[in-house]
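Chemist: Sharing a model that was predicted from the sequence below.
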There are 2 protein chains.
Amino acid sequence: MSEQIYVGVDIGGTAIKVGICNQSGDLLHTYEGPTESDKGTDVILHNIATYAKRIVEQSPYEWEQVGGVGVGIAGFLDIPNGFVKFSPNLGLRDVRLKDYLEEHLNKTVRINNDANVAALGEVWAGAGKGVDHCVCYTLGTGVGGGIIVNGKIYEGFNGMAGELGHMQIVPDLEAIQCGCGKMGCLETVSSATGIIRMAKDAVERGDRTSLSLVEHIMAKEVIDAAKAGDEVASRIVNRAAYYLGKSMASVAVVLNPQRFIVGGGVSKAGEFLFEQIRQEFRKYTPDAIAENVEIVAATLGNDAGVVGAAGLILRS
Amino acid sequence: MSEQIYVGVDIGGTAIKVGICNQSGDLLHTYEGPTESDKGTDVILHNIATYAKRIVEQSPYEWEQVGGVGVGIAGFLDIPNGFVKFSPNLGLRDVRLKDYLEEHLNKTVRINNDANVAALGEVWAGAGKGVDHCVCYTLGTGVGGGIIVNGKIYEGFNGMAGELGHMQIVPDLEAIQCGCGKMGCLETVSSATGIIRMAKDAVERGDRTSLSLVEHIMAKEVIDAAKAGDEVASRIVNRAAYYLGKSMASVAVVLNPQRFIVGGGVSKAGEFLFEQIRQEFRKYTPDAIAENVEIVAATLGNDAGVVGAAGLILRS
C-alpha cells in the first residue's frame, strides 16, 4: 500500500476544519465547512463525517490510505472512550462521538480536547518539533494549556491535566473572579479578555492613556499602545507577562519541560511580550531548571488544531 | 528459579539503609550500616556494595534471586547514566555509581534521587498503592517532591521534575530568600525549617505565645502549641498549610493527579494539619479537578526510601 495519511478534524463553534497530514505532520490539504451547531447533534455529527470523507475524495489520496481520524473539540470529554460529556459552545451533551465516526468512517478515531490537540500539533510539526517535553499556552479569549510528555499528550487522571488558565496565581487581595468560579486565575489577567478588562478599568478610572480615545478596545490596541510607550498600557501588558512568567515558573519546577510554546491571538505581540515573559520566568525559577528552558512562539497558527488532531493517531 | 527479590539502597549522610522487597513491594528484610562519608568516595562506594551483598547473605534468599539493585541518593544526578554529578551531603562529585555497582554486584542497577524514590515507594507499597497518578510532598528540613505518572517516576527533561519545594508561591512583599537563591519558595514556609523560623521570628518580635518559653523550638513544638490553641502557633501552622494547599492547587491544574501524599516529619501533625491543607486546596482548585483528588498521609515513614529504591527495577 502506498503512503499512509491521517485526517485531522478541528471542531469549532461556527466552522469545522479538516486536514490531511502525512506521517511527518506536514499539512497537505485542508477543507472547511459550517458546523451548523444550531441544527442539533445529528447535523453536527453528519457534517463531521461528511467533511472528513470529502477532503480525502477531493485529494489525490484514496480512503484506503487513511491511517485514522483524529478530532479536537472544546469541552468536557471522556477521552479514552471518545465520549463528549458536555461541549457548551457546540451544545453537545452525552455524545458517543468516537463510536459514531468509527461506524460511519470505518477507521480508527481518537478524540481529545482542543488545547491538548493544538499542543500536539506544535510538537509534531511546529515550534516544538523534536522536543519531547513541552508545555503550550494558548492566549485567546481564555488561556488554554496542553502538556506534552515523551512526545505525547499528557491527560492526567481524568483528562483534566494542563488547565493552565485556571492556575490561581493572582494574590488574594488583587484577585478577581474567573468564569470557572474561582478567584485569581491566570486567565483573568493574561488572556485577551483579561487584558481588555484591565484596559477598560483603567479608562473608567480616568487613568491618562491613549486607550481612552479607542472606541472598541481589543487586546491588540492595548499591546500596540504599550509598544508606542503608553505607560498605562505598558503596565497592563507587563502584568499579563508577569503572571504568565510566574505561572511558567511553577509549571517548570513541577514538570521540568524543555520548551514553553505560546500561541493564540495575544502571542502575536511578539518579542515585545516574550522578552517580558522570559524575564519574569527567570526571576522566579531556580537557575538549574531555568537555564535549559526556552520560551518561544507557536508557529502553526490556526492550523495547530487540525495538525494535532491528525497527530492523535500516531501520538496517543 | 524461585521468587525474584529486589534490593533497595537508601544512601543518607550518616547511614546507608538497604532492604529486600518482593515483587509486590513488601519489605522483607532491612540492614543499616554507616555511610562513612568522611572517608571519601572509595569507602562510600565499597560500603554500598558490601551492605547490598550482606543483606542478601543474611537473608534466606540467594544472590541469584536478586532481580536488580536500586539506589536513592540526594543530589544532582544524570539518572539515565546512573551518574552522580554532585551530592553535597555525601561529598560525592562526578561518580559513576551505576557502573561501579553493576561491576561489583553483577546485577542491573538503577539510581534516582531520594525524593523521587520515596514517592515511588509510597505508590508501590504505601499510601498510593494502586494509584497511577500521584504527587508526593516530603516536609522535612526542606520540602521534597516526587511525581508519579502511570505508576512510574516522572523525571522531566533533565531529571529536575518535582522540585515542589522551589515553587515560588509566597507573594513578593512577604517573600524571604530560599537556600536556592530565589525568593518565596514553598520551602521557606512549609518545611520544618520554615515553621521554626516563623516561630523564632514571632518570639523575637515579642508576640504573646507559649513558644517564648521553649528553649529549642522544633516544628513539633509549634504544631503542639497550635493544637493546644496558641494563637501565634496556629497562625504559623495555618500559613504552612495555606501555601501547601495553594501549591497543590497549582500542581493539580497542571498534572490532574488522583492523590497527593504528604510525608516527612511535619506531616506527623496529622489530621489537624491535613484538614487545613485540604481546605486551602479546595479553595484554590477548580471543582471539576478538586473533586477527584485525595490528600493523604504517607504510610511507609522512613522505609519509603528503600522500598522505592527496590521499586526502581520494576517501575522505571
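Modeler: The structure has been received and is ready for your questions. Numbers count the residues shown, from 1 in each chain, chains lettered A, B, ... in the order given.
Chemist: Now name the helix or strand holding the residue nearest to the spatial centre of chain A.
Modeler: The residue lying closest to the centre of chain A (CA atoms, centre = their mean) is residue A:115, at 3.6 Å. Assigned by DSSP states H and E, residue A:115 belongs to helix A:114-125.
Chemist: I'd like to know if that helix reaches chain B anywhere along the stretch.
Modeler: No: if you take CB under 8 Å from any CB of the partner chain as the test, helix A:114-125 misses chain B, and the best it gets is 11.5 Å. (Each C-beta comes from the backbone N, C-alpha and C, glycine too.)
Chemist: Give the buried residues for the following helix or strand past that helix.
Modeler: Helices and strands here follow DSSP H and E; after helix A:114-125, the next one along the chain is strand A:134-139. By neighbour count on 16 or more other CB atoms under 10 Å in any protein chain shown, the buried set for strand A:134-139 is A:134, A:135, A:136, A:137, A:138, A:139.
Chemist: could you dump those residues to TSV with distance to residue B:28 and pLDDT?
Modeler: Shown next, in TSV, are the buried residues of strand A:134-139 (distance: CB to CB, whole Å; pLDDT from 0 to 100):
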residue	distance to residue B:28	pLDDT
A:134	42	97
A:135	41	98
A:136	46	98
A:137	48	97
A:138	50	94
A:139	54	95
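Chemist: Next, the contact list for the residue nearest to the residue nearest to the centre of chain A when sequence neighbours are not counted, please.
Modeler: Spatially, and ignoring its direct neighbours in sequence, residue A:115 is nearest to residue A:144 (3.4 Å; CB to CB, 6 or more residues apart in numbering or on different chains). Contacts for residue A:144 (CB atoms under 8 Å, 6 or more residues apart in numbering or on different chains) come out as A:114, A:115, A:118, A:136, A:137, A:138, A:164, A:165, A:264.
Chemist: out of those, who's nearest residue A:220?
Modeler: Among the contacts of residue A:144, residue A:264 lies closest to residue A:220 (CB to CB), at 12.3 Å.
Chemist: hey, where'd the helices end up in the stretch 51-200 of chain A?
Modeler: Counting by DSSP state H, counting those that start in this stretch, the stretch 51-200 of chain A has helices at residues A:97-105, A:114-125, A:187-190, A:192-205.
Chemist: so which of these is the most packed in?
Modeler: Of the helices of the stretch 51-200 of chain A, the one with the most neighbours on average (mean count of other CB atoms under 10 Å in any protein chain shown) is helix A:114-125, at a mean of 30.
Chemist: for it, the distance to its chain's centre please.
Modeler: Averaging C-alpha positions (CA atoms, centre = their mean, to the nearest Å) puts helix A:114-125 8 Å from its chain's average.
Chemist: what is the orientation angle of it with strand A:134-139?
Modeler: 130 degrees (axes from the mean of the first three to the mean of the last three CA atoms, to 10 degrees).
Chemist: Restricting to C-alpha, output helix A:114-125 in PDB.
Modeler: The C-alpha trace of helix A:114-125 is given here as PDB (Å, rounded to 0.1, in the frame of the first residue of the first chain):
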ATOM      1  CA  ASP A 114      -8.800  21.400  21.600                       C
ATOM      2  CA  ALA A 115      -6.000  22.800  23.700                       C
ATOM      3  CA  ASN A 116      -4.200  19.400  24.000                       C
ATOM      4  CA  VAL A 117      -4.600  18.800  20.300                       C
ATOM      5  CA  ALA A 118      -3.100  22.300  19.400                       C
ATOM      6  CA  ALA A 119      -0.200  21.500  21.700                       C
ATOM      7  CA  LEU A 120       0.400  18.100  20.000                       C
ATOM      8  CA  GLY A 121       0.300  19.900  16.600                       C
ATOM      9  CA  GLU A 122       3.000  22.300  17.600                       C
ATOM     10  CA  VAL A 123       5.200  19.500  19.000                       C
ATOM     11  CA  TRP A 124       4.600  17.200  16.000                       C
ATOM     12  CA  ALA A 125       5.200  19.800  13.300                       C
END
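Chemist: which helices and strands sit right next to it?
Modeler: strand A:5-11, strand A:66-73, strand A:134-139, strand A:143-149, strand A:152-153, strand A:259-263, helix A:304-314 (3 or more CB pairs under 8 Å, 6 or more residues apart in numbering or on different chains; DSSP states H and E).
Chemist: tell me the contacts of residue A:8?
Modeler: Here residue A:8 is in contact with A:18-21, A:69-72, A:117, A:305-312 (CB under 8 Å, 6+ apart).
Chemist: Which strand residues bridge it?
Modeler: Here residue A:8 sits in beta bridges with residue A:19, residue A:70, going by DSSP bridges.
Chemist: For chain B, what's the nearest residue on the stretch 101-250 of chain A?
Modeler: residue A:156 (2.6 Å; CB to the nearest CB).
Chemist: so how far is residue A:189 from the closest residue to that residue other than its chain neighbours?
Modeler: Among residues not flanking residue A:156 along the chain, residue B:256 sits closest, at 2.6 Å (CB to CB, 6+ apart). As judged by CB to CB, to the nearest Å, residue B:256 and residue A:189 stand 23 Å apart.
Chemist: Pop out the phi and psi values for residue A:159.
Modeler: phi 80, psi 10 (degrees, to the nearest 10).
Chemist: neighbours of it, just the number please.
Modeler: Neighbour count of residue A:159, defined by other CB atoms under 10 Å in any protein chain shown: 18.
Chemist: neighbours around the residue nearest to it when sequence neighbours are not counted, how many?
Modeler: Residue nearest to residue A:159 in three dimensions, not counting chain neighbours: residue A:79, with 4.7 Å by CB to CB, 6+ apart. Residues contacting residue A:79 under the criterion other CB under 10 Å number 18.
Chemist: Test my guess that residue A:79 contacts residue A:112.
Modeler: Yes: under the criterion of CB atoms under 8 Å, residue A:79 makes contact with residue A:112 at 5.8 Å.
Chemist: Need the residues touching each of these two.
Modeler: Joint contacts of residue A:79 and residue A:112 (CB under 8 Å, 6+ apart) are residue A:155.
Chemist: quick one, the longest helix along chain A and strand A:259-263 angle?
Modeler: The residue-count maximum for a helix in chain A (DSSP state H) belongs to helix A:231-255. Counting by the same axes, to 10 degrees, helix A:231-255 lies at 140 degrees to strand A:259-263.
Chemist: what separates helix A:231-255 from the chain centre, distance-wise?
Modeler: 18 Å.
Chemist: what do you get for stretch A:10-25?
Modeler: With CA atoms, centre = their mean, you get 14 Å for stretch A:10-25.
Chemist: Go through it and flag the buried ones.
Modeler: Across stretch A:10-25, burial judged by 16+ other CB under 10 Å covers A:10, A:11, A:12, A:16, A:17, A:18, A:19, A:20, A:21, A:22, A:25.
Chemist: For the residues you listed, work out which two are farthest apart.
Modeler: Across those (CB to CB), the longest gap, 23.9 Å, separates A:12 and A:22.
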